[in-house]
Structures are given as C-alpha cells and as structure tokens.
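> What would the 3D arrangement of this be:
(chains A and B)
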Amino acid sequence: MAYRLRRSRIYVPGNVPRMLSTCALFGADVVTLDLEDSVAPEHKVAARWLVTEALRDLDLGESEITVRVNALDTPWGEEDVKTVVATGAVDGIYLPKAETPQQVVQLASLLDQVEAEHNVNTKTTIVPLIESARGIIHAYDIALASDRITALSFGGEDYTRDVGGEKTSTEEELAWPRQRLIAAAKAAGKQALDTVYSDVQDLEGLHRQAVKMRRLGFDGKAAIHPNQVDVIHRAFNPTEEEIEHALEVMQAIEEARARGSGVASLGRKMIDKPVVERAQRTLRIARLGGLIDEAKIPDIIEEM
Amino acid sequence: MTELKREATVGTDSKEDVVVTLSPAPAGSGISVEVSGKGARQFGEEIEAAVRAALDEMDVREAAVTVQDNWAYDFTVRARTKAAVHEARED
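Okay, here's the model as predicted:
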C-alpha cells in the first residue's frame, strides 16, 4: 500500500450538519465522521443517515474520508458499516474498542460482503482504535489481522480509564502503551497514530507534545478542533534541516552508485541502511506535504 | 410500501439543520409537505423536492410532512426525513 500522509485526523461529530458541511475546509489529512462517542444513543440512527447523505453529496476535498462506526457488538455497528460503505464514498473505517484480531476479521468480512453487494470498487481500509489494556496487549496480532489495515490508532482517555489510572499533565500513564502500540504497528508494517490533545486552547502545549510523539515514532495525531490541524502538521512535518540532510544522504548514495561502490559516506560518517531509510521517509513526507520542490527529489527515494 | 405507524420528529433548530415531522396519512391521500422557517421562501421548492426524494427512496407513499428549516442543505433535509421514516415505521 502506498504511503499516505496521516499527520492530522480530525473528528467531526456525525449529528451536526454545520460541521459536516464545513469539514473539508479544515485541511486535515484525514477526516473521521464520528458515529460513536460524540453521538448519544437516542441520536445514533439520525446521525447515521446524516453522515450517509453527507457522503453522497459533499465534496470532501483531498482529505482521506473515514467513519468511526459503533462497535460491531452494539445495536448500531453493523448497520453503520453497511450504510456508509454502500455510498462508495468512504476510504476507511475506524473500528473502536478493538481488543482482538477476531473483531478485525469480522469487520473485514462484513466489508467484503458490502463492497460486493453495492459494487464498491475500492477496498475500504480499516484502522483499529486501541483504547484498552486488552487492545494494547493484542496490538501486534490486531495489526496483522487484515491487509485492509493501514494504521493503529491510540485512544488515551479510554485506556487510562480501563487500567484505573489517572490522567496527568505529563502523561506518564500513557508512555508504555504508546510505545507498545508504535512497536506493534511498525512491526506489522503499519502507521501509528496518537490520541487527541484535549485542551483545545493550549496550542503551544499541543505542538510540544506532537513533536515528542513524532520523535517516538508516531505518524500522526488526532484533532478535536480545526485550530489543532495546522499545529499538528507543523509538528509532524520534517524541518528544513532534516529535509536538507535527507537530500544530502540520497545524493551521497547516488554518487556512490555512480562510482560503482556499495559504500557511501557523508562527511566522515558512513551511511548505513537505517540512515537511508530515515532519509527516504523524510523525503516522502516532504513530497506529500508539498514541502519540497519536486525537481529536487531523487528517483531513488522509492527504491531500496 | 413502507407503512408509517406513528408520528416522528427528527432534527434540531441549530444552524444548517432542519426539523422534520412525519405523520401517517389516510390511505389514498398521498404525500403532503409543508415547509416553513428561514429558507422556506427562497428554497421551499428544493426542500420539498428533497423530502419527496427521501420518501421515495424509503418507499413511503402516504405521509403528512412538516419541515421547519434553518438554512439546511439538501443532504440534511434528506437525512432528517429518512431518520423520521425510520422512527415512524416502528411500533
């Protein structure tokens, strides 16, 4: 599956028409129309229709369009999947409270069925939301449960409640599950997406935290307010220095190839495989994020 | 044909939303749609068309519908109408 930017992912409550009609303007890499936690039980059916009809009419721009359905063991989950996927306008499904690979397999087989019934030609992707102790323990098996999975996404609020922990400003209670989720996702060849930053006023705090999450290995972070999107992009974009360094690495590789040498170096440092892979990743993100002149990008970033 | 068993009201008075009330109508009376609210004068016909399209998709042939609009887009009018059908057809 081609690498896709998922720096920011904004939740849009599924039962608020004004949010649905404007969400394309938020500029997020991923838009998640939410039928789960932001919708009260008595409005679940109305929200499902609203999201479905919005998907039929609205041009949601270049964002990846996803829907967070209700869990499949609730009275709404299965019908949510059937109705929204039948529109043919959904790129992916966020599966809440994922705790076992079987839940993913069940969703994947439901998607097989709905796509066939409604002639949906694209393969709907799945992102399991890992938000419990059980989910974290099974994260690697969950990530491998279907080739539809593009990423694992972490839910910090629910996780903290599930383990009986307490939310702190330093978020030390989330350190281990975050790192475990990153390792599980990456070992399975998937992206890792971080939980929300709930103080929508504190954009500096969000930026600091998002930079830290990128350094840990996350590919993106969820947003709950449009103002958070740009801040998250800034945090997950490579810096100018990183892009420059990545270009130098790739140039050194090309020069070594031209010499017929298998060994490249930059200054006095040998360039080994992890350095090349990091440079390739940096340039891929830079290209997709429009941060670099296309002509500057060496062809070999997609090789090796 | 979908039979409506009771009255149902769906939607809110928030901006860009619409409140749709759907009631069972006597056999043979067809569909009646009454539009009021902010966009009624300018977009009354479009709103009525969206209601009728949604009822048609849900196979409803007899119904009395009132719509209180607050500048809703067509997708919202259709969605609220369909959700009202969903509720009205249940016992």
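
> host element of the most centrally placed residue in chain B?
Nearest residue to the geometric centre of chain B (CA atoms, centre = their mean): residue B:81, 4.0 Å. If you go by DSSP states H and E, residue B:81 is part of helix B:74-88.

> Give me the average confidence score over that helix.
What helix B:74-88 shows for mean pLDDT is 97.

> what helices or strands is that helix leaning on?
The elements that helix B:74-88 packs onto, with contact taken as 3 or more CB pairs under 8 Å, 6 or more residues apart in numbering or on different chains; DSSP states H and E, are helix A:17-22, helix A:44-57, strand B:8-10, strand B:18-23, helix B:40-57, strand B:63-69. C-beta here means a position set from N, CA and C on the backbone, and glycine is covered the same way.

> how about the ones you listed, which one is nearest residue A:156?
Of all those, it is helix A:17-22 that lies closest to residue A:156, at 22.7 Å by CB to CB.

> For residue A:32, which of the helices and strands packed on helix B:74-88 is the nearest?
helix A:44-57 (10.6 Å).

> need the residues of chain B near chain A, please.
Contact residues, chain B versus chain A (CB under 8 Å from any CB of the partner chain): B:10-11, B:14-17, B:72-76, B:78-80, B:82-83, B:86-87.

> ok, and what's touching the helix or strand containing residue A:127?
Per DSSP H and E, residue A:127 falls inside strand A:125-130. Outside strand A:125-130, the residues that touch it by CB atoms under 8 Å, 6 or more residues apart in numbering or on different chains are A:66, A:68, A:91-98, A:103-104, A:107-108, A:111, A:135-136, A:139, A:142-143, A:145-146, A:148-155, A:159, A:177, A:181, A:193.

> Just give me how far that strand sits from the chain centre.
9 Å (CA atoms, centre = their mean, to the nearest Å).

> Then stretch A:110-118?
So, by CA atoms, centre = their mean, the centroid of stretch A:110-118 is 24 Å from its chain's centroid.

> near chain B at all, that stretch?
No. Using CB under 8 Å from any CB, we find that stretch A:110-118 stays clear of chain B, coming within 14.5 Å at best.

> tell me which residues in that stretch are buried?
A:110-111, A:114-115 (16 or more other CB atoms under 10 Å in any protein chain shown).

> contacting residues around residue A:246?
A:238, A:278-280, A:282-283, A:286.

> Quick one, which of the residues you listed are buried?
A:238, A:279-280, A:282-283, A:286.

> Could I have the buried ones of the contacts of strand A:125-130 as PyMOL selection syntax?
The buried subset of the contacts of strand A:125-130, as determined by 16+ other CB under 10 Å, is captured in PyMOL by this line:
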select buried, chain A and resi 66+68+91+92+93+94+95+96+97+98+103+104+107+108+111+135+136+139+142+143+145+146+148+149+150+151+152+153+154+155+159+177+181+193
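
> In strands, which of the contacts of strand A:125-130 fall?
Mapping these onto strands (DSSP state E) picks out A:66, A:68, A:92-95, A:151-154, A:193.
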